[in-house]
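Engineer: have a look at this prediction, sequence included:
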Amino acid sequence: MRSSLTDPFRSGTLRALTLVAVGALVAGCSSAGTAGTASAGSGGRSAPVKVGLVYSRSGLLAAYGKQYEEGFKAGLAYATHGTNKAGGHPIEVTEQDDAGDPAKAVAAAKSLVGKGCKVLAGTTDSGVALQMAPLAAQNKVLYVSGPAATDAVTGVNAYTFRSGRQSYQDILAAGALLGDARGRKVTVLAQNSAFGQANVAAVKAVLGPKGAHVGSVLAPPSATDLTPFARQTRAGKPDLVFVAWAGAGAPALWTALDQQGVLDASKVVTGLAGTASYPVFGTAGSKIAFLAHYFPGAGGGNPVERAMLDGITKAGGTPDLFSPDGFTAAQMIVHAIESGSATDTAAMAKALEGWSFDGPKGAERVRAKDHALLQPMFTARLKGSGSAARPELIDSVPMTAVAPPATGTAGR
């Protein structure tokens, strides 16, 4: 599945309120933040490693880009024990704004590579990630994609990795709320658009083979009275309703679902976006089951999560949805240098393949076969409403339970 099916990051904050999935141990040589040994081909111990951070500092995705960047800085401090060095090499980070535009991102990346960057990281938007990945392979630089959810990044080439989750993991996390899917009725409530239709296809592709009967209720994107669609959803008597909604009508949708009793008659699930999204659900929030990539505290307060939260807060930032993506990217880059090389990007990639480590979300692993980042996902509920709404953890779904199907890595 590609970004067009599942990526929520191209239409701003409200689009991120949709079901982000459908709208979705080979131990390493050293632990996260533990110094390793530079390879023989690493060059001088004092030679810097240049890292290019390409992310949305402006544009619709600027809030997400800020979360990523704050997480990256905290992760770099953690993984290098505050030295900003890996294997004796200073890490020089240059930031570039892609504004969510693939052309700008590619131009920035080419400029960074031309200036000696061996590592590229960042990218909130899936369209940007899909342009950056082939550039990394062409120039043989390590590329660690960030929050971009498209499944197509996994296995795209030998130089591309990811520090965030992918859409398939979102869908499987939502499926965990359904339990045994055999014989269960699932309705996808979405808009009758390419985005909505693709979400239906995505749920069918993932939950259909597990025995679920997947149908849909699709509303015109221009619809303002959503009551008829809420009624239609309830009349179908589904066991589970997936809400994949993009646009400004989200508050009206949740009100209609609540008023028509859908939230009481069926289990209703959608994606939990960032803190700014919580008030949109209104009083309906307490009746919705949320799949969650992350929210502060979801990791159970493990030592790495605490380090991330403390690092971001002390620097004046605010931990949020995509903080772990930046933090984990820094962990991965430091490990690639320490246990791989400061100059040989093929050795960097090899060091990451199969690496198991503790991240802010918990135990994670880079799958060697296709560079998927196996990681736990979460389910949650909202307590309170309006500005007082806060997520509460229902369950942590182990990384093995939400592992996407393994694919080979292209170019091998």
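Structural biologist: In hand now; what should we look at?
Engineer: any idea how far Ala173 is from Tyr78?
Structural biologist: 26 Å (C-beta to C-beta, to the nearest Å). C-betas here are computed from N, CA, C, even on glycine.
Engineer: more neighbours: these two, which one.
Structural biologist: It is Ala173, of Ala173 and Tyr78, that has more neighbours when counted by other C-beta atoms under 10 Å, with 27 against 22.
Engineer: isn't that one up against Leu291?
Structural biologist: Yes: the pair Ala173 / Leu291 is scored as a contact, 4.3 Å apart, by C-beta atoms under 8 Å.
Engineer: so what secondary structure elements neighbour the helix or strand Gln331 falls within?
Structural biologist: Here Gln331 sits within helix 323-339, counting by DSSP states H and E. If contacts are counted by 3 or more C-beta pairs under 8 Å, 6 or more residues apart in numbering; DSSP states H and E, helix 323-339 sits against helix 62-79, strand 85-86, strand 89-97, strand 119-122, strand 142-145, helix 303-314, helix 345-352, strand 356-359.
Engineer: now it: buried residues?
Structural biologist: Neighbour-count burial for helix 323-339, counted by 16 or more other C-beta atoms under 10 Å, picks out 323-339.
Engineer: in the stretch 201-350 of the chain, mark out all the helices, start to finish.
Structural biologist: Remark: helices assigned in the stretch 201-350 of the chain by DSSP state H, counting those that start in this stretch are 227-235, 250-259, 262-265, 303-314, 323-339, 345-352.
Engineer: quick one: list the elements packing against the third one.
Structural biologist: Same thing as helix 262-265. When contacts are defined as 3+ C-beta pairs under 8 Å, 6+ apart, helix 262-265 packs onto helix 227-235.
Engineer: tell me the mean pLDDT over the helix it packs on?
Structural biologist: Helix 227-235 shows a mean pLDDT of 97.
Engineer: next one: that helix to chain centre, how far?
Structural biologist: How far helix 227-235 lies from its chain's middle: 31 Å, per C-alpha atoms, centre = their mean, to the nearest Å.
Engineer: same question, stretch 85-95
Structural biologist: The answer for stretch 85-95 is 25 Å, by C-alpha atoms, centre = their mean.
Engineer: how about the closest residue to Gly211 other than its chain neighbours, what does it touch?
Structural biologist: Using C-beta to C-beta, 6 or more residues apart in numbering and skipping the chain neighbours, the partner closest in space to Gly211 is Arg182 (3.4 Å). Contacts for Arg182 (C-beta atoms under 8 Å, 6 or more residues apart in numbering) come out as Lys210, Gly211, Ala212.
Engineer: where is pLDDT lowest across those?
Structural biologist: Among the contacts of Arg182, Lys210 carries the weakest pLDDT, at 90.
Engineer: pretty sure Phe295 sits against Pro324.
Structural biologist: No: using C-beta under 8 Å, Phe295 is not in contact with Pro324; the gap is 10.1 Å.
Engineer: what residues sit buried inside the one helix or strand Leu130 maps to?
Structural biologist: Per DSSP H and E, Leu130 falls inside helix 126-139. Within helix 126-139, the residues that count as buried by 16+ other C-beta under 10 Å are 126-137, 139.
Engineer: packing partners of that helix?
Structural biologist: Counting contacts by 3+ C-beta pairs under 8 Å, 6+ apart, helix 126-139 is packed against helix 3-6, helix 102-114, strand 142-145, strand 160-162.
Engineer: closest one to Phe281 among these?
Structural biologist: Closest of these to Phe281 is helix 3-6, at 20.9 Å (criterion: C-beta to C-beta).
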